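Undergrad: Predicted coordinates and the sequence they were generated for:
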Amino acid sequence: MTSPAIVVDYQTGAQDEANVLAPAPLTLDNKALSDKESKEFLSASATSIRPALEIEGDGRPPTEEEIATLRLVSGHAPWTAYVICLVEFAERASYYGCSGLFYNFIQQPLPEGGNGAGAPPKGSQLTAGALGLGLQTATALTTLFTFLAYTIPIFGAILADTKWGRFKTISVGTAIGVIGHVLLVIAGIPKIIAEGHAIIVFILGLIILAGASGMIKPSVAPLLADQSPVHRQEIKTLPTGEVVIVDPGMTIQSMMMNFYWAINLGALLQIATTYCEKLVGFWLGFLVPGIIYMLVPVALALVYKRLILLPPKGSVVLDAARVGKIAVVKRSWDAAKPSVIEDTLEVEKRPKHYQQWDDDFIGELKTTLNVCKLFLFFVVFNLADAGLNSILNNQAASLTTNGAPNDLLQNFNSITIIVLVPILNNGVYPLLRKYNINFSP
């Protein structure tokens, strides 16, 4: 059976099944359009017309008894979700493929008898290097890169949520990333290293690459979640005869597990780039991630017309900051509730953006801040997981490696995750759900 065709909103490209995304009432030259004229205008202005996604199952919502007794399963992800995972794979491959070389490039000097591109003589125990600025400088610059790569996404997310939308933000970030990769390759050219110009070009490339990552990273996962075809719980009978509930949360969880797996698969490119620096030089080590990175614009162009693109609806981060400001000044969360503001303040004294949230948002924000205490363990985790990388590389450089790159050890984290994610996603988690074992907080 053919799915019904739906119009895509002419401004945003998002599905407009309920006519809620298009402006209402529509106007043309400041003149309101009739219903018939509005439909004609939407049809002419739509960027594409495509079949609506079919909801899995027989369409019947579960009863309370079924919710309590039946197993939750995930629906099937559309092919567009896998293309988005490919985008993340390529972006993360370029990120980790380059950043894994930073320690040696900055810390170690050009090896004696090498080829001038940073590679040591074959058969020697020397380590690849270029700038020779020492451990402290290497740690400082790589920490700067990590800091920027994890803080710029806050601003990238706000930009996507308030102005550009997720797809445009990803696209602009991708274009910026191309510049960063070109600069890193230039920094690895033997002549640039020999003339002492590599440090400036390298730092520029490092900062630009972090900025590109900050625009891409916060939008890819939400864009993936937007593609989920399951929007409510529905009953489905499996070929085995078991009746289950197709659940939106389980569907997105499964999609995100594949997404996370793609991230760590991309991180494995660092194994290849460490051998590139060891055997050929840094120019090749930086070039290979740049080539993989070019999959990002190709994949985005391939999937663009099939994506569900939702319009910017405002930033929760900005709303949370505004609510927090009111709560601090008034020393009360209730003071930030729109109902309280309208009852206690005159119109001219009311906050400018208070109508962008509702009373429920205040309670949700309080709950979120309380739950954030769970993330305090990440501080300890990152000290162990990332804080020791420079020391680990430095120690490995002093050991007998017999041709193995000293920066190879840090890849075991990604290898472990790649092995475990399919086991957890396809074995452990479904088994736990089958026996109604829930580890939610």
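TA: Noted; the coordinates are in hand. Numbering: from 1, shown residues only.
Undergrad: Could you count how many residues lie near Pro422?
TA: 12 (other CB atoms under 10 Å). In this view, the C-beta of every residue, glycine as well, is placed from N, C-alpha and C.
Undergrad: Backbone dihedrals for it, both of them.
TA: Main-chain torsions, Pro422, degrees, to the nearest 10: phi -60, psi -30.
Undergrad: That one touches Ala262, doesn't it?
TA: No: Pro422 is beyond contact range of Ala262, at 11.7 Å (criterion: CB atoms under 8 Å).
Undergrad: list the helices and strands the helix or strand containing Pro222 packs on?
TA: Assigned by DSSP states H and E, Pro222 belongs to helix 198-226. Secondary-structure packing of helix 198-226 (3 or more CB pairs under 8 Å, 6 or more residues apart in numbering; DSSP states H and E): helix 79-107, helix 134-159, helix 166-187, helix 248-267.
Undergrad: which one of those helices lies closest to Leu309?
TA: Ranking the helices and strands packed on helix 198-226 by proximity to Leu309 (CB to CB) places helix 166-187 first, at 5.4 Å.
Undergrad: what angle do that closest one and helix 198-226 make?
TA: 160 degrees (axes from the mean of the first three to the mean of the last three CA atoms, to 10 degrees).
Undergrad: could you point out which element follows helix 166-187?
TA: Using DSSP H and E, the helix or strand that follows helix 166-187 in sequence is helix 190-194.
Undergrad: Tell me the buried residues in that following helix?
TA: Buried positions in helix 190-194, judged by neighbour count with 16 or more other CB atoms under 10 Å: Pro190, Ile192, Ile193.
Undergrad: From the rest of the structure, what touches it?
TA: Residues from elsewhere that reach helix 190-194, judged by CB atoms under 8 Å, 6 or more residues apart in numbering: 110, 115-118, 130-131, 186-187, 198, 201, 281-283.
Undergrad: filter these to the buried ones?
TA: Leu110, Ala117, Gly118, Ala130, Leu131, Ile186, Ala187, Ala198, Val201, Gly281, Phe282, Trp283.
Undergrad: I'd like those as TSV, with distance to Leu295 and pLDDT appended.
TA: Output for the buried ones among the contacts of helix 190-194, formatted as TSV (distance: CB to CB, whole Å; pLDDT from 0 to 100):
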residue	distance to Leu295	pLDDT
Leu110	32	94
Ala117	25	92
Gly118	26	93
Ala130	27	94
Leu131	30	94
Ile186	22	97
Ala187	23	96
Ala198	27	95
Val201	25	97
Gly281	24	95
Phe282	22	95
Trp283	20	96
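Undergrad: what's the closest of the residues you listed to Leu268?
TA: Phe282 (19.3 Å).
Undergrad: what's the closest non-adjacent residue to that closest one?
TA: Closest residue to Phe282 apart from its sequence neighbours, by CB to CB, 6 or more residues apart in numbering: Gly188 at 3.5 Å.
Undergrad: and the one you found, what is it in contact with?
TA: Counting by CB under 8 Å, 6+ apart, the residues that Gly188 touches are Phe105, Ala117, Gly118, Ala130, Ala198, Gly281, Phe282, Trp283, Leu284, Gly285, Phe286, Leu287.
Undergrad: Just give me the closest of these to Leu159.
TA: Closest to Leu159, out of all of those and judged by CB to CB, is Phe286, at 27.5 Å.
Undergrad: related to what we said a few turns ago, Serialize the buried residues of helix 190-194 to CSV and add fields for distance to Leu206 and pLDDT.
TA: As requested, the buried residues of helix 190-194 are exported to CSV (distance: CB to CB, whole Å; pLDDT from 0 to 100):
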residue, distance to Leu206, pLDDT
Pro190, 20, 95
Ile192, 15, 96
Ile193, 16, 95
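Undergrad: Specify which member of those residues is nearest to Gly403.
TA: For the buried residues of helix 190-194, the minimum distance to Gly403 (CB to CB) is 21.6 Å, reached by Pro190.
Undergrad: Now do that closest one against Ala130, distance only.
TA: 9 Å (CB to CB, to the nearest Å).
Undergrad: what's the answer for Glu112, then?
TA: With CB to CB as the criterion, Glu112 and Ala130 are 13 Å apart.
Undergrad: Pull out the buried residues from stretch 164-184.
TA: Buried residues in stretch 164-184, counted by 16+ other CB under 10 Å: 164-174, 176-178, 180-184.
Undergrad: got a list of contacts for stretch 352-360?
TA: Contacts for stretch 352-360 (CB under 8 Å, 6+ apart): Gly314, Leu318, Asp319, Arg322, Val323, Ile326, Ala336, Lys337, Pro338, Ser339, Ile341.
Undergrad: Quick check: buried residues in that stretch?
TA: Tyr354, Gln356, Trp357.
Undergrad: From those residues, which shows the smallest pLDDT?
TA: Among the buried residues of stretch 352-360, Tyr354 carries the lowest pLDDT, at 79.
Undergrad: Toward the C-terminus, what is the element adjacent to whichever helix or strand Val328 is part of?
TA: Using DSSP H and E, Val328 maps to helix 316-330. The C-terminal neighbour of helix 316-330 among helices and strands, as given by DSSP H and E, is helix 338-344.
Undergrad: Give me the below-cutoff pLDDT ranges for this structure.
TA: 1-58, 385-390, 439-441 (pLDDT under 70).
Undergrad: tell me the domain boundaries of it?
TA: 5-52, 72-313+388-434, 315-385 (automatic domain parsing).
Undergrad: Which among those domains is found nearest to Glu65?
TA: Comparing the domains of the chain by CB to CB, domain 72-313+388-434 comes nearest, at 11.6 Å.
Undergrad: Quick check: end-to-end length of the closest one?
TA: End-to-end span of domain 72-313+388-434 (CA to CA, to the nearest Å): 8 Å.
Undergrad: gap between it and the chain center?
TA: Taking CA atoms, centre = their mean, to the nearest Å, one finds the center of domain 72-313+388-434 at 10 Å from the center of the full chain.
Undergrad: got a list of what Ala138 touches?
TA: Phe102, Tyr103, Ile106, Gln107, Ser390.
Undergrad: Oh, that last question was meant for Leu223, not what I typed.
TA: Counted by CB under 8 Å, 6+ apart, Leu223 has contacts Ile84, Arg166, Phe167, Ile170, Leu307.
Undergrad: Including distance to Ile292, could the residues you listed go into JSON lines?
TA: As requested, those are exported to JSON lines (distance: CB to CB, whole Å):
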{"residue": "Ile84", "distance to Ile292": "16"}
{"residue": "Arg166", "distance to Ile292": "22"}
{"residue": "Phe167", "distance to Ile292": "21"}
{"residue": "Ile170", "distance to Ile292": "17"}
{"residue": "Leu307", "distance to Ile292": "22"}
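Undergrad: Out of those, which comes closest to Leu148?
TA: When the contacts of Leu223 are ranked by distance to Leu148 (CB to CB), Ile170 comes first, at 17.9 Å.
Undergrad: The closest one is in contact with Ser219, isn't it?
TA: Yes: taking CB under 8 Å as the definition, Ile170 is a contact partner of Ser219 at 5.1 Å.
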